[in-house]
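> the amino acid sequence is not available; the structure is as follows:
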């Protein structure tokens, strides 16, 4: 089973991925937590773009994300799923649907480019106002190229527009971490039955 955790940077998805992994392991499940972009060659180039060290247009970024994800599926995701493990993704192709739609690429094109990727059982989107997300990000790191308020507002809107997708569940990430974790556990438990 594959579970995708999504949201703008600062929303707490990485923390929630770790909390969810702990709870799933305590329940006896084998769990692997993976993150995109990866540290592979395509993911490394993407990180250079995100840090502003390299310039790329939206089409190149889409291609890099897809190439990184294709390697990730082949090397880590598919083997883990074949072993019967639960794969928790800290970002997956739903990130492309939010970030790259916000950059002007049509959702249909993004879905087509990522058609090879296994579908998640559930997508948890941790929703947070942009101002609060930026406060959190800036408290512990330097914002990257995609972490500017106008762009993040478009990304947040794109994530919220996914609410009609039958796999997507929107969680209020302004609440205390333990409350969010409980709701995430309930939604994942429902997806597992």
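Looks like it came in fine. All figures in this text were calculated on a predicted structure; none of them were measured in a lab. Numbers count the residues shown, from 1 in each chain.
> now do the same contact list for the residue most central in space within the chain.
For the chain, residue 91 is the residue whose C-alpha lies nearest the centre (Cα atoms, centre = their mean; 1.8 Å). For residue 91, the contacting residues are 4, 5, 6, 13, 35, 36, 37, by Cβ atoms under 8 Å, 6 or more residues apart in numbering. Yep, even glycine has a C-beta here, placed from its N, CA and C like the rest.
> cool, and residue 159?
Counted by Cβ under 8 Å, 6+ apart, residue 159 has contacts 6, 7, 8, 98, 125, 127, 170.
> can you give me the strands in the chain?
Here the chain has its strands, by DSSP state E, at 2-6, 31-35, 86-90, 122-127, 168-172.
> so how far is residue 115 from residue 62?
With distances taken as Cβ to Cβ, to the nearest Å, residue 62 is found 13 Å from residue 115.
> those two: which has the busier surroundings?
Shown here are residue 62 and residue 115; by other Cβ atoms under 10 Å, residue 62 has more neighbours (20 against 9).
> my guess is the more buried one meets residue 113, correct?
Yes - using Cβ atoms under 8 Å, residue 62 makes contact with residue 113 at a distance of 6.2 Å.
> which residues are common contacts for the two?
Contacts common to residue 62 and residue 113, judged by Cβ under 8 Å, 6+ apart, are residue 96.
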